[in-house]
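Enquirer: Next comes the sequence, and after it the predicted model I'd like to discuss.
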Amino acid sequence: MQKLSFFIVLILCVLFVIPARSEAPDTTVFLPVVSINARKVADHGSGHFNKTIDYTILNLLSNLDMSSTLRNHSAMFVRSYGPGGLATTSQRGGASGQTAIIWNGVNLNSPMNGHTDLSLIPSFFFDQVMIQHGGSSALWGSSAMGGVVFLNNAVPVNSGFSMRMGINAGSQGELGQSLRASYSSNNFSSTLRLFHRDNDNHYRFPNFQEPDVPTQKQQNAAFGQLGLMHDTRLKIGRLHQLDFQWWWLESSRDLSPPTNFPTFLSQQDDNSLRMHLQYTLNLPGITYYARVARVDDRIVYSDVFTQPLSYKFVTLLGETEVRWVTNNKLLLTGGLNFQNTRAEALEYQGNKNRNTTAVFLSALWTPLGEVLRINASARKEMVSGTEIPVAPSLGMRLRIMPGWHIKGNASYSFRLPSLNDMYWIPGGNPNLKPEDGWNYDLHIEHIPAGSLGEASSNLLTRLSIGGYWREIRNWIVWLPQADSWLWMPENRAKVRSYGLEALASGSQNWGNTVMEWSFRYEHNIARNMLATSANDLSVGRQLMYVPRNRAGLNVSLRHQSFSLSYSHDITGKSYTNSDNSRYIPGFNTGNVSIGKAFSLFNNQMDLSLSAENIWNHKFQIVAHRPMPFRIIRAGLNFVLGN
């Protein structure tokens, strides 16, 4: 049924967009490149350390989920349960719920479990991913403690019609199809994306549970997904603009049990619908925004022992914002945010509601022009029955010599308890406080003159080295209760993390040949500083599943219509218990991809071949969760129009 639905929608989409091709004017328009996410980061994120994954990389990874993209192209550690399984983030030693996943100003983290499953987000849906390191609750509210991941969409630059259709297959039993159709004119643009994937996930993996680590074949991890995203922008005269984006995803997967647990059949179906509508009024020196959004997620879990269980939430958001350029040295931004969440779960014994109101204000002051940028932000969030202090932030960027900057940021951040933490029966604790704490960053960054231009050819285009320190109080942990089998969440831990971050990138041109490279390294110490029981051995120890060292190298080579890319990721050992007596050894993996573009009837056809874990290394990310040996993928894309 899912395959039939895909092809019906595909045919209707093609029939809808093709007639627009004949109406395309022969001009070029310049609409805003990305969403509100990029604007806020540019205005008020000067002191943060940021990393961008652009369209060129995402296009190569269009058949993968967001967890694979972030694991191989960013400093984020992704805790993956294996292909098709749960995948969550850990940034600067934080828990999965301490990284905000933001789409058009909307936090996608589930209010029920507190995090976003990155394995369910197709990389194909987005044109740019930005990773901001460090706390920024003053801008984005709850859960922006360790950092933020921004999922951005671009507006077509060239006017007229274009379409990209793709098909790919994988050695583990994967077959996927995709379509991206766009039309744009001077005042209008519309982009439609359609994505379908079926994956048997019959990959081979090393079973570390057995003494001789035999090779086995995965049998219970099938995954299927169908998704649709639509983005429309309309300019009305010179002053007004409407933006409407929505995406729908339907996923079904078999849940593979851990290798130390008896095999049994279980399945999870995920359905989500996310919508966002924004009105923009552009006046001299003032821009006014009004936006509404709806996030609707549902999970249905079933296994051989229980009847299907349904978990659902709906979040409604309304926000108004004013951006005022008072003069050429001061920019002010302020607004109001309202959210209502309604969640349903059998274990809640009734529906639960959460209403949140926030007031926020930000200022960018450039007293010396681009030599010195100072950002100050504050946010006051109000939730019934919960005391949340004002969350301030202060950042700066200082040019100390041509091409060299010092960047710093200090901020207070917080995370509201998840609804599961508060209301799950048995065990929920409605008296939990928000996790909160201070974050400090300091980096020195070198960007040579001219390295940001399209025709740049600098072996070094960016060098950033810095460090951070943060301490989070009221960290929520589930603990056993005295003389009882019951576990309950409590604000009992205090976590201190600090570390170093380094990033270098560059490019070089030799006629028709372009080489680009990037290298990253992270050293992260994250320790619990407060005993949760009399015999707690975790004090002063590294947190579970937080590797102290990670490094990565990405190299790409393009010669005319041929491309070659390679990425290598090195991850140090991570501990699997709180007293650090057991651990998963460190590992390194390599991925390679080659591509060739052909001209076909005045259009373009792209062929690609890739290999994940090309060196066939044995590794785990989470204990007892299988990770595959080498996987081979092949893809074919046909590009029509601009």
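Expert: Noted; the coordinates are in hand. These numbers were taken from a predicted model, which means no experiment stands behind them.
Enquirer: For the stretch 251-400 of the chain, which segments count as strands?
Expert: Along the stretch 251-400 of the chain, counting by DSSP state E, counting those that start in this stretch, strands occupy 266-283, 286-303, 309-327, 330-345, 352-365, 372-383, 391-401.
Enquirer: List phi and psi for Met76.
Expert: phi -80, psi 140 (degrees, to the nearest 10).
Enquirer: Thr88 is in contact with that one, correct?
Expert: No - applying C-beta atoms under 8 Å as the test, Met76 and Thr88 come out as separate, 10.2 Å apart. For glycine as for every other residue, the C-beta is placed from the backbone atoms N, C-alpha and C.
Enquirer: just to revisit the earlier point, tell me which of the strands of the stretch 251-400 of the chain sits nearest to Glu445.
Expert: If you check each of the strands of the stretch 251-400 of the chain against Glu445 by C-beta to C-beta, strand 391-401 wins as the nearest, at 8.4 Å.
Enquirer: Which other helices and strands does the following helix or strand past that closest one contact?
Expert: Moving toward the C-terminus from strand 391-401, the next helix or strand (DSSP states H and E) is strand 404-415. Where contact means 3 or more C-beta pairs under 8 Å, 6 or more residues apart in numbering; DSSP states H and E, strand 404-415 is packed against helix 137-140, strand 391-401, strand 435-446.
Enquirer: Just name the most buried of these.
Expert: Stretch with highest mean neighbour count among the helices and strands packed on strand 404-415: helix 137-140 (a mean of 26; mean count of other C-beta atoms under 10 Å).
Enquirer: what's that one packed up against?
Expert: Using 3+ C-beta pairs under 8 Å, 6+ apart as the contact criterion, the neighbours of helix 137-140 among helices and strands are strand 352-365, strand 372-383, strand 391-401, strand 404-415.
Enquirer: how about a cut-off of 7 Å?
Expert: If you count contacts as 3 or more C-beta pairs under 7 Å, 6 or more residues apart in numbering; DSSP states H and E, helix 137-140 packs onto strand 372-383, strand 391-401, strand 404-415.
Enquirer: Tell me which of these sits nearest to Pro258.
Expert: Among the helices and strands packed on helix 137-140, strand 404-415 comes nearest to Pro258, with 27.6 Å by C-beta to C-beta.
Enquirer: partners of the top strand by length along the chain in the sheet?
Expert: Identified as the longest strand of the chain according to DSSP state E is strand 487-510. Each strand paired with strand 487-510, and its direction, by DSSP bridges: strand 462-480 (antiparallel), strand 513-528 (antiparallel).
Enquirer: Looking at the helices and strands packed on strand 404-415, which is nearest to Leu336?
Expert: Closest to Leu336 of those is helix 137-140 (C-beta to C-beta; 14.3 Å).
Enquirer: what's that closest one in contact with?
Expert: 40, 44, 100, 102, 107, 144-145, 148, 362, 377-379, 391-393, 411-414 (C-beta atoms under 7 Å, 6 or more residues apart in numbering).
Enquirer: Show me what the most centrally placed residue in the chain is bridged to.
Expert: In the chain, the centroid-proximal residue (C-alpha atoms, centre = their mean) is Val149; its distance is 4.3 Å. Beta-bridge partners of Val149, counted by DSSP bridges, are Ile101, Ile131.
Enquirer: From His230, how far out is Trp487?
Expert: As judged by C-beta to C-beta, to the nearest Å, Trp487 and His230 stand 43 Å apart.
Enquirer: quick revisit: may I see the helices and strands packed on strand 404-415 arranged in CSV, with distance to Leu316 and mean pLDDT as well?
Expert: CSV is the format used below for the helices and strands packed on strand 404-415 (distance: least, C-beta to C-beta, whole Å; pLDDT from 0 to 100):
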stretch, distance to Leu316, mean pLDDT
helix 137-140, 18, 94
strand 391-401, 23, 96
strand 435-446, 25, 96
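Enquirer: just to revisit the earlier point, more neighbours: Trp487 and His230, which one.
Expert: Between Trp487 and His230, His230 has the larger neighbour count (other C-beta atoms under 10 Å), namely 16 against 13.
Enquirer: Name the nearest residue to that one, sequence neighbours excluded.
Expert: Leu192 (5.3 Å; C-beta to C-beta, 6 or more residues apart in numbering).
Enquirer: Reformat the helices and strands packed on strand 404-415 as CSV; add distance to Arg633.
Expert: Shown next, in CSV, are those (distance: least, C-beta to C-beta, whole Å):
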stretch, distance to Arg633
helix 137-140, 35
strand 391-401, 41
strand 435-446, 36
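Enquirer: what bits of this protein have low per-residue confidence?
Expert: Applying pLDDT under 70 to the chain flags the ranges 1-36, 450-457, 642.
Enquirer: Show me the contact partners of stretch 486-495.
Expert: With contacts defined as C-beta under 7 Å, 6+ apart, stretch 486-495 is touched by 93, 421, 426-427, 429, 432-433, 471-481, 526-530, 532, 543.
Enquirer: List only those of those residues flagged as buried.
Expert: By neighbour count, with 16 or more other C-beta atoms under 10 Å, the contacts of stretch 486-495 hold 93, 421, 429, 432-433, 472-477, 526-528, 532, 543 as buried.
Enquirer: closest to Trp248 among those residues?
Expert: Using C-beta to C-beta, Asp421 is the member of those that sits closest to Trp248, with 28.6 Å.
Enquirer: what pairs with the closest residue to the closest one other than its chain neighbours across the strands?
Expert: Once its chain neighbours are removed from consideration, Asp421 has its nearest residue in Pro489; the separation is 4.5 Å (C-beta to C-beta, 6+ apart). In this structure, Pro489 bridges to Trp478 when assessed by DSSP bridges.
Enquirer: What separation do you get for Pro489 and Glu387?
Expert: From Pro489 over to Glu387 the distance is 18 Å, taken as C-beta to C-beta.
Enquirer: more neighbours, the two?
Expert: With other C-beta under 10 Å as the criterion, Pro489 and Glu387 differ in neighbour count, and Pro489 comes out ahead with 19 against 8.
Enquirer: Look up how far Ala534 lies from that one.
Expert: In this structure, Pro489 and Ala534 are 19 Å apart, going by C-beta to C-beta.
Enquirer: Please apply the same query to Leu609.
Expert: Here the distance between Leu609 and Ala534 works out to 58 Å (C-beta to C-beta).
Enquirer: quick one on the thing from earlier: got the angle between the longest strand of the chain and strand 435-446?
Expert: Between strand 487-510 and strand 435-446, the angle comes out at 10 degrees (axes from the mean of the first three to the mean of the last three C-alpha atoms, to 10 degrees).
Enquirer: Flag every buried residue along strand 487-510.
Expert: Judged by neighbour count using 16+ other C-beta under 10 Å, the buried positions of strand 487-510 are 488-499, 501-508.
Enquirer: before we move on, what about stretch 626-638?
Expert: Of the residues in stretch 626-638, 626-631, 633, 635, 637 count as buried by neighbour count, 16+ other C-beta under 10 Å.
Enquirer: Ok, stretch 190-206 next?
Expert: Of the residues in stretch 190-206, 190-206 count as buried by neighbour count, 16+ other C-beta under 10 Å.
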